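Asks: Sequence and predicted model, in that order:
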Amino acid sequence: MADAKTQEQALLELRNRIDGIDERIGQLISERARCAQEVAEVKNASAEGRALYYRPEREAQVLRKVMERNEGPLSNEELARLFREIMSACLALEQPVKVAYLGPEGTFTQQAALKHFGQSAVSLPFSAIDEVFREVEAGAVNYGVVPVENSTEGVVSHTLDNFMSSNLKICGEVELRVHHNLLVSDVTNVNSISRIYSHGQSLAQCRKWLDSHYPKAERVAVSSNAEAARRLKGEWNAAAIAPAKAAEIYGLNILAEKIEDQPDNSTRFLIIGTQVVPASGHDKTSILVAMRNQPGALHNLLEPFHRHEIDLTRVETRPSRTGVWTYVFFVDFNGHMDDPVIRATLDEVSSRVADLKVLGSYPKAVL
Ligand SMILES: C=C(O[C@@H]1C=C(C(=O)O)C=C[C@H]1O)C(=O)O
């Protein structure tokens, strides 16, 4: 009895302390939000209606500082995620950011959009990557989020091809661990699944699992994982590979979890917009280069990077859609356009190739 009483007493005291801490946190968050409102006034005063409310480089710096200061017990990622939401809410006071993503609702791209901009952003689904580009170009939204590469399946060529004809800039990147699940509906007969819907990339990422668990089922590629989930309604012999979120949205059941072949399966997404982003201190730059298919062409392109000791993080080739035998390279490297070494390197590269377009310098993914 005495023990129960001391326990009650200890809980009461701790909860009183937590109430006091919450009160202070609440006051500090409000104070921060008022500061952000003042930032908006300053931005408005000098921008004649064209204020840039969202500042990717500043947000990256804020999150990095949160992680550097962290003394635990929460992990850096967990603490940064909380601050991500505080900033998202503060930014929404200035102006809710409007983001187009490759939909429908429930796709990994939507998860990436919310991971990057936080839950206070207004996210709008579009059914094709081209449409996301078009919405941003038309100014109907502030930013777009599109997938660009997967650690198992490689590049999302559709996104790269869009950059060839677009003047949009890359303003940021997001990385997302991607887990796949096998979803079924209430009417599915789980012993007679003969058709499995998903996006082509996801089917490929679960190839081995499907080979061993459903070797005879027909694999049907559809436009997105969420579309796969949506198709299940009313089909008694079908399943879908999709994120757990899609099960929630479309009222489905998870039959098997984490069925991806590679446990560290992750996808990188790009934030596209019209903004040129200043340096944050840890940045990446993406360029697009067009060149003739001559002997030594790739060496010529890469040599200045090597000489200036610039780290390349990715090189992709796509056939150009204009000239015959002309290739287009997408190159990502560490550093920002404002850095004189990067600028000098790109000047050199530019003199060696048919065309060079800077797609953007942007903060490296923090979360
Ligand atoms: C407050 C600002 O505006 C926005 C909100 C931020 C925040 O809440 O810290 C950071 C950058 C901007 O996206 C700012 O530019 O400092």
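Replies: That came in fine, so what should we check first?

Asks: in the stretch 1-150 of the chain, what spans have low per-residue confidence?
Replies: 1-2, 49 (pLDDT under 70).

Asks: near the ligand, which residues of it?
Replies: Within reach of the ligand by C-beta under 6 Å from any ligand atom, the stretch 1-150 of the chain has these residues: 36, 39, 53-55, 58-59, 62, 87, 90-91, 94. Where C-beta positions appear, they are placed from N, C-alpha and C, glycine not excepted.

Asks: Select only the buried ones of the residues you listed in ChimeraX?
Replies: Filtering these down to the buried ones (16 or more other C-beta atoms under 10 Å) takes a single ChimeraX command:
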select :36,39,53,54,55,59,62,87,90,91,94
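
Asks: mind putting the residues of the stretch 1-150 of the chain next to the ligand in CSV, secondary structure included?
Replies: Shown next, in CSV, are these (DSSP: H, G, I helix; E, B strand; the rest coil):
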residue, secondary structure
36, helix
39, helix
53, coil
54, coil
55, coil
58, helix
59, helix
62, helix
87, helix
90, helix
91, helix
94, helix
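
Asks: can you list the residues of the stretch 1-150 of the chain next to the ligand in a markdown table and add distance to residue 280?
Replies: Shown next, in a markdown table, are those (distance: C-beta to C-beta, whole Å):
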| residue | distance to residue 280 |
| --- | --- |
| 36 | 18 |
| 39 | 17 |
| 53 | 17 |
| 54 | 13 |
| 55 | 9 |
| 58 | 8 |
| 59 | 9 |
| 62 | 10 |
| 87 | 14 |
| 90 | 18 |
| 91 | 16 |
| 94 | 19 |
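
Asks: And the strands in the stretch 1-150 of the chain?
Replies: For the stretch 1-150 of the chain, strands defined by DSSP state E, counting those that start in this stretch occupy the ranges 98-102, 122-126, 143-150.

Asks: Could you export those strands as a markdown table, including distance to residue 293 and mean neighbour count?
Replies: Supplementary listing: the strands of the stretch 1-150 of the chain in a markdown table, determined by distance: least, C-beta to C-beta, whole Å; neighbours: other C-beta atoms under 10 Å:
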| stretch | distance to residue 293 | mean neighbour count |
| --- | --- | --- |
| strand 98-102 | 32 | 25 |
| strand 122-126 | 35 | 18 |
| strand 143-150 | 23 | 26 |
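
Asks: Distance to residue 134 added to those, as CSV?
Replies: Below are the strands of the stretch 1-150 of the chain laid out as CSV (distance: least, C-beta to C-beta, whole Å):
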stretch, distance to residue 134
strand 98-102, 9
strand 122-126, 8
strand 143-150, 9
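
Asks: looking at those, which is closest to residue 18?
Replies: Of all these, strand 122-126 sits nearest to residue 18, with 32.8 Å by C-beta to C-beta.

Asks: mind listing what the closest one pairs with, with the direction of each?
Replies: Applying DSSP bridges to the sheet, strand 122-126 is found paired with strand 98-102 (parallel).

Asks: report the angle between the axes of the strand it pairs with and strand 143-150?
Replies: 30 degrees (axes from the mean of the first three to the mean of the last three C-alpha atoms, to 10 degrees).

Asks: just the CA coordinates of strand 98-102, formatted as CSV?
Replies: C-alpha atoms of strand 98-102 as CSV (Å, rounded to 0.1, in the frame of the first residue of the first chain):
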residue,chain,number,x,y,z
LYS,A,98,1.7,25.2,-51.7
VAL,A,99,3.4,22.0,-53.0
ALA,A,100,2.5,19.8,-56.0
TYR,A,101,3.6,16.2,-55.8
LEU,A,102,3.3,13.1,-57.9
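
Asks: For the stretch 151-300 of the chain, give me the ranges with low pLDDT.
Replies: Using pLDDT under 70, the stretch 151-300 of the chain drops low at 152-154.

Asks: burial measure for the residue nearest to residue 82 when sequence neighbours are not counted, as a count.
Replies: What sits nearest to residue 82 in space, not counting adjacent residues and going by C-beta to C-beta, 6 or more residues apart in numbering, is residue 74, at 7.9 Å. By other C-beta atoms under 10 Å, the residues close to residue 74 number 12.

Asks: And for the one 5 residues further on?
Replies: The tally of other residues near residue 79 (other C-beta under 10 Å) stands at 18.

Asks: Look up the closest residue to it, ignoring the ones flanking it.
Replies: residue 70 (5.1 Å).

Asks: Go ahead and confirm the one you found touches residue 76.
Replies: Yes. Assessed by C-beta atoms under 8 Å, residue 70 is found in contact with residue 76 at 5.3 Å.

Asks: gap between residue 277 and the ligand?
Replies: Computed as C-beta to the nearest ligand atom, to the nearest Å, the residue 277 to the ligand distance reads 11 Å.

Asks: Residue 246 now?
Replies: Distance from residue 246 to the ligand, by C-beta to the nearest ligand atom: 29 Å.

Asks: Hmm, residue 183 and that residue touching each other?
Replies: Yes. In terms of C-beta under 8 Å, residue 246 counts as a neighbour of residue 183; the distance is 6.7 Å.

Asks: shared neighbours, those two?
Replies: Common neighbours of residue 246 and residue 183 are listed as 229, 240, 252 (criterion: C-beta atoms under 8 Å, 6 or more residues apart in numbering).
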